[in-house]
Each structure stands twice: as structure tokens, then as C-alpha cells.
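J.: pasting a predicted model and its sequence here:
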Amino acid sequence: MAFHRSSVGAGRSLWRSLKKDYILYLLLLIPVIHTFIFKYVPMAGIIIAFKDFNPMEGIFASPWAGVKWFEKFLTEPKFWQVFRNTILLSLYNLIWSTPMPILFALLLNEMNGRRVKKAIQTVSYLPYFVSTVVMVGILTQLLSPTSGIVNHVLGLFGIDPIMFMGESSWFRTIYIGSGIWQGTGYSAILYFAALTNIDQELYEAAYIDGAGRAARMRYISIPGILPTIMVMLLLNIGNIMQVSFEKVILLQKPITVDVSEVINSYVYKRGLLNMDYSYGTAMGLLQSLIGFILVTSANAVSKRLTETALW
Amino acid sequence: MKKVSKRTTVLALFLTASLAASLTGCGEEGSSVNESTASSGSGASQTTSSDGGSAEVSRDPIEYELMFSEAASQPYVEETWLFPKVIEEKFNVTLKVTPIPSSSYNDKVNMAIASQSIPDIMNSVDLNTLNDMGSKGMFLNMQDYIDQMPNAQAAFAQRSDLSICRISGSEWYALPSKVPSANLPKTSIDFITMIRGDILAEQNLEVPTTYDELYDVLSALKEAYPDSQPWVTRQKNNAMLWTLAPSVGLSMDINDYTMWVEETGEFKTILDDENFKYLIEFMRKCYEDGLLDQEYAISDTTTWEDKIISGKGFFAIDYFARPETMTNAAVSGGNTSYSLDPMLPPATENGEAKVYAKNVPVSYQGISAKVESPERLMEVYDWWFFSEEGAMLGYFGEEGVSYTVGEDKKVSYIYSEDANSVTSIASKYGVDYYGFCGLMPGDFGYTIDFENDPNMSEPAKATYRVYQGQTVESCPAINYTGDALDARKDYTANLQTAMIGEIDKFIMGQRPMSEWDAFIQEFNDQGYAAYIEAKNTMI
């Protein structure tokens, strides 16, 4: 009976809260409806992955195909190539792109001179607003073996021109390097915010105790932003299978397709260009499933080790 | 599709009835279309039987949505494009044209198909898609209306290559656009070889006729201009190899590195052919010696244009119209002596200095199965895509406006201030555009009077002179259906780009030629051999 009473009490309390802050709840309704309509309703389309989808018959009337498309993808010679490429590209991206904004924020935080600091911060996140198409165009110009400035500089040191955009071995470096250039400043904003929340007295006390910059960074700054780092890491792990499709397609050349074909680009070619809708959906679903498993596992590990988790 | 309001329809009917009463004995407008076709036709093939369906077709105003892939170089200009105006006047049919940028057109088409929201007419749709979705009921089976399409009937009877548009005798979903015609080489030839004639003259070099000569000429140009890379291209290796294949005696399919073997009547891989390997090794040698653009595998149109115009490159393989357009661009940029001249491909003793004659239309159109009054649209397309008048409208425009016809059906362009070249005429009037012309005027005996054209550049005239009649037959075109279509899709998604990339690696020296056989085996293991087998079932 106690349970009954407490649930009734909770119901009343919720109702009171709704009545009191109804404006806030109404505001909350907007993102909830948005999420429902644009994130949950389209999920019904997943059913295509288990059907022989025929546009003329529609999603629900098309005949069932069971797990035929999953089997086809998993047994295709191309599967391991695109799976490996996706994992490697994501993993390298995670390894290199996650610490860069942290490092940048920590270093900038140590700088004196407010104006210079602000100027650097502003300049650093400008590349984020450059569109991927423009960014790839700039890369192509910069890295050209005949007219690019990079090869020109390398030439001054006696190094032969390198075909950066036309050699498989350079694809991942270019993809990740350009990502760092474009995203570091923007991603660092969160860490800047976290750093400003650290109590300045801690720094002052450490300074009086004789701690140098490196020690202050190690014992105050990093622990202070650790929860932010963990949350960001978990979110990045959740996106590990979501390699930037647009950038891959733009950077991809036939000569680098062996390392640049990832699940996203393959889904686009197979599903949309080849009009194998069911096959494309099955591949996409499989990819999301792997991402879901990864983020759940990472969340559990993080919860156990650092007591910081997404849920 | 939107039909006009009832009030307008009633008004139109009233006016039509009044007009009909005052013109008793003049016959119905529907029959005048057929008479017009018959009277302007060059032969019996274009005449219409008196009991043709078009005579019974309604004359109410009607509007159809037409979605097309808009080329950046030829944007839609509502005020000056001719075909919508002519078709409206002739058939009382309004084509509501919706341009979609060509860069995102395929995505749009596929999304429209997936969501069952296709417009009445959809231009530039892949043939296999049209057949596949057509047989599932999405596109109109035009075969049901063939009895009302006398011009189409005649075209199918005369040109066996048009059978590519049909799945069988009872299914026809693909309207052929820009059907190649030998009388107009620009429509029947894709890629050609071209070289800077002014630079050759400056260096006292002859136009090369063999591969050894080509190598020597490229080397001499490299020596004279050390910063250049004489052979520049924006095409992928399959397009270049396809252009050169007749010169070593091969009948290559540009899409999949297969070749047609006349003796067996089948396709086989071209990769293990010694003559093909000769071409690969030639390109590899050129690349190694800095004669072939070091960036050719990643080059795009802008980069290539810059190189060929600015003198960083001298030899190229590209489309038939390129000698003209590049020369015009360079001359208008101030280099008045610039001349990118057409040349026949160099040849070995095994082949001929010729290029393939195209045997498939440039693109295909589909009509929605849900289109209102399909017989109206079929009447329009029968005239527009298959009659002599329609062919002239699609390719040249309107007589007296964009062209005149002289003796022996020689056509001259009418230039104006804002349309002073063949290209700008095409842009202004919306002519010579895939999707907006079917049969070519060449099929009705028309040719271009290029020798007397005051605005055509010398390289453009030379292209007609050099390539007129210099073609060999292409390998048979295949219409994929069923399992073969599935195999084709697998090949396209999994192997096509990868094969181009691996061949680039051999040309660029990233893989040794000793691995060539292993490369073929790798792809056979991934399904290439099985794909060729499936392809052969469709012959």
C-alpha cells in the first residue's frame, strides 16, 4: 500500500509541477515532438531491410525477404574491405581527433594576454564553417604534386613530389588531418567552457605551493575537465561507425577506393545510386547496430572506471 | 500534372467549336500534325496512316511536368528555349519544365522513384532503371500506344539498334534521346584524340600516326617545354583506353573492360589481351617519363581545361566538340594563334586509326504510368522524337530563327549577337540537348554546312573533316534484365571503380606489370568472371 500511496503522491506532484511550469513543459514538447517525428517515425522504414522492397508496392506491401540482405552483405567479398576501412578510419579519427581539442584548450588556457587568446580562439574555429566541398577543393590545390604548395615546400628539402590525393597510403592521413584542422577549434569550445568553471583559487593555491604550469595542468585542469572529456569520448564512440560520407565521397578517387570505401559511401552507391533500397537499408541498420553496441559497452566501461556516463 | 481549370476548358472548347465551324472542310488539327509530318518527311517511313490515332486525340489544353538534368553549361532559359513554345503551339500541350542541377540529378531521380513521386516525364534515367521499374508498373508502357505512333514505328523498323530501348516486343519504357547518326559525327562519336596544331607547327613536328611517333612527339614537346606534361586528360583510364582500343584492333566495352569477340559471338575480358596490355604499357611508359600528366588519375574538368588552354599540356582525349570549345576559349582569352586540332588516333599494325561509332542513345526518358491522357503525350513524342520536323526542332531549333536549310539538306546556323557560336546557339534555344531530341536530323539526310560557316572555328571544321566516316562498329549494346541485371548491379557497385583504380596503379607505376595476371585473378575471385558470364546470357 505504501507503494500505491507513493505513486499517487508522485502523480500529484508531477501534475502540480506541470501546472506550475506549464510554459516550460510546452517548450519541452517542441524537441520531443521533433525527435519523435524525425527520429522515431522514420525508423519504421527499417522494415525495408527485411523486405524485397518494390517502390510500386510500398514499404508494407512489399514481400518479406527475411535476413537475405544481411546475409548478402556479410558474405560479399566487399564486406570485409568496407568494414575494415570504416573501423580503421573511425578508430584513427578517434585516436587523433579526440585529444587535439583538449590539448589545444589546455595550452590556450595557459596563455596570458586576453586579446591574443580570444583572437586565436576565434581563428581556430573558423575552419569549422568552411563547407566540406570547399575544404576538399583547398586540399586538392594545396596537395597537388605539380602546383601545390606542400609539394613545393617538400621540394625545397629535396623530396620528390608526392601524389597525396592519388595514393591509397595517404588517404587516411588526409582525411584525419583535414578533420583535425577543421574541427579542433570548434570542439575545443566545450573544453574552454569547462576550464573556465574550474575554481581559480585552486590554481592560485597550487602556484603558491610551487606548482609549475605543467603540474597545474596535470593536477587541476585535466581532472577539472575530465567529466567533459569522458562525455565527449562516449559520444564520439557512439559515432564511430558514422564516417563523414560527404567528405569520403569528395576525397575518393578510383585509385584510392581500396581504402576509402566505407559503409556509408557503399550504402549510398548501393542503396541510392544502384537503387537496391533493401540492401542499402540492411547495411545501414547493421552499421547502426554496431554503433549502438559500441556506445553501450563504452558507457558501461566508463561508468565502472570513472563514474562518468551518458546514462 | 495539373489540368487547367474548368472555366478555361469550357472557354477553349467554345472557341475550338467556333473555329471548327468557320473552317469547315479544313479537317481536324490532329490530322494536320500527321499531314505536316508526311509533307515534310523525307521518305515514306515518316508518313502517317490516315487512321492513325492522333486524329482522335483531344485538343484540350493540358500540362505535363517535365524534370530534366540541367547542365551548368546549358542552363534552362524559359524565354528563349524553343521546344516548349513550339509544342504548345502545335499540340496545345504545355511542358512545365523543372531543371535539376546535373550534379544531384541521379539522386533526385532515385529518390523520386523510391518515394513513388515521379513527375509526368523524367529525363535522363538509366535504361536498366526504366526497364526494371517500368516492368513493375512505374513507367508507361509505350508499346500500348505504338499503333498511334507512326513515326516511332517507322524508326524502329529502320533502325535495329533502337531495339535497345525495348525489353521485348510488348514492353517499351525508354524513350531514346540523341540517337546517334553518322551524318552528324558530333552525335555519333564520343571521344576523339586532339593535339595542339600551332605548337606542332612551331616545333616543326608532324601529327603522329603511330604510337612510336606519338611517344616521340610527346617527348619533343616535353623537351621544348620542360614544365609541361604533354598528355593531359580529365577522363578516367577506361575512357582513354576505349578511345584507343580500335587502334589496336579491339572492340571494347567502356563500362567493364570486356571485349566483343566476333568469332565466338561473346564478350570476354579485355584485360588478358596482349594488344590491350600494349596500351597499358604505353601509358605507363608515358607516365614514367613525365609525358602523361602525373595527376591524370585525380584530374577534374577545371584543372584539365586550365592545362590544355595555358600550354601546360598539348595532347588529349576528350569529346568531339572539345577542339572547338577549347580553341574558342583560348582565342577569346587572347591567345589568337591557339589551335587544338583533331587528329586520328595513332594505330598499330593490328588496328585502325579510327574511333567507335556510338550505337546507343545518349540518354533515355521515362513517362509516368499515372500520366493523364497518355495518348496526348505519345502524340507529342512521336512527332518530337521520331519525325523529321521534330528531329530538326530538337537538334537545330526553328527554321528561320536558329537555322536555315540550303541545297542537299545542308543546314547553316543563324548567328546573332548573343548566339555567335554553335555552343551558344544550343544554350540560347535549348537545342542539341539530351532529353530534348530523339532521332537526329542526320537520319533524314541533313548535314551541317560547316565549310561555309562564318563563325565555326577552324578546329571545329577540321573535326568534321577528319572524323567524317572514320568510325568502326562498337561492341553490341546490352539490355540487362533479371539475374544479369543483378550481376550488373553487383559489378557496378563492387568492382567497376576498383578496377579503374587498380589499372591506374599499373599505369602510374604503383604496381609492377608482373602483378598483372594476379590482378585479373583478384577481380575474377571477386565476381568479375561470373559477371561476364551473366552478361553473355543477355546477348
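T.: Now that the structure is in, tell me what you want to look at. Residues are numbered from 1 along each chain as shown, chains lettered A, B, ... in the order given.
J.: so residue 297: helix, strand or coil?
T.: Assuming you mean chain A. Of the three states, A:Ser297 takes helix according to DSSP: H, G, I helix; E, B strand; the rest coil.
J.: tally of neighbours for the closest residue to chain B within chain A?
T.: Across chain A, the shortest distance to chain B (C-beta to the nearest C-beta) belongs to A:Pro254, at 3.7 Å. The way it works is simple: take the backbone N, C-alpha and C, and place the C-beta from them, glycine included. A:Pro254 has 23 neighbouring residues, counting by other C-beta atoms under 10 Å in any protein chain shown.
J.: so who does it touch?
T.: B:Lys236, B:Ala297, B:Thr497, B:Ala498, B:Ile500, B:Gly501, B:Asp504 (C-beta atoms under 8 Å, 6 or more residues apart in numbering or on different chains).
J.: surely the last one meets B:Gln235?
T.: No. Distance between B:Asp504 and B:Gln235: 11.9 Å, which falls outside the contact criterion (C-beta atoms under 8 Å).
J.: before we move on, the earlier item: filter the contacts of A:Pro254 down to the ones close to chain A.
T.: Filtering those for neighbours of chain A using C-beta under 8 Å from any C-beta of the partner chain leaves B:Lys236, B:Ala297, B:Thr497, B:Ala498, B:Ile500, B:Gly501, B:Asp504.
J.: which non-adjacent residue is nearest the first one?
T.: The reference is to B:Lys236. B:Ile500 (5.3 Å; C-beta to C-beta, 6 or more residues apart in numbering or on different chains).
J.: next, that neighbour: phi, psi?
T.: phi -60, psi -40 (degrees, to the nearest 10).
J.: could I get the pLDDT score of it?
T.: Turning to B:Ile500, the model gives it a pLDDT of 97.
J.: quick one on the thing from earlier: in a markdown table: the ones next to chain A among the contacts of A:Pro254, plus neighbour count.
T.: Below are those laid out as a markdown table (neighbours: other C-beta atoms under 10 Å in any protein chain shown):
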| residue | neighbour count |
| --- | --- |
| B:Lys236 | 21 |
| B:Ala297 | 27 |
| B:Thr497 | 20 |
| B:Ala498 | 20 |
| B:Ile500 | 20 |
| B:Gly501 | 23 |
| B:Asp504 | 23 |
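J.: widest-spaced pair of the residues you listed?
T.: B:Ala297 and B:Ala498 (13.4 Å; C-beta to C-beta).
J.: packing partners for the helix or strand hosting A:Ile229?
T.: Element membership for A:Ile229 (DSSP states H and E) is helix A:222-238. The contact analysis (3 or more C-beta pairs under 8 Å, 6 or more residues apart in numbering or on different chains; DSSP states H and E) places helix A:222-238 against helix A:77-97, helix A:99-109, helix A:168-196, helix A:277-306.
J.: hmm, who's touching the first one?
T.: Read that as helix A:77-97. A:73, A:172, A:175-176, A:179-180, A:183-184, A:187, A:236-237, A:240-243, A:248, A:258-264, A:266, A:287, B:493-494, B:525-527.
J.: please redo it, this time with the cut-off set to 6 Å
T.: A:73, A:172, A:176, A:179-180, A:236, A:240, A:243, A:259, A:261-263, A:266, B:494, B:526 (C-beta atoms under 6 Å, 6 or more residues apart in numbering or on different chains).
J.: nothing else from me, thank you.
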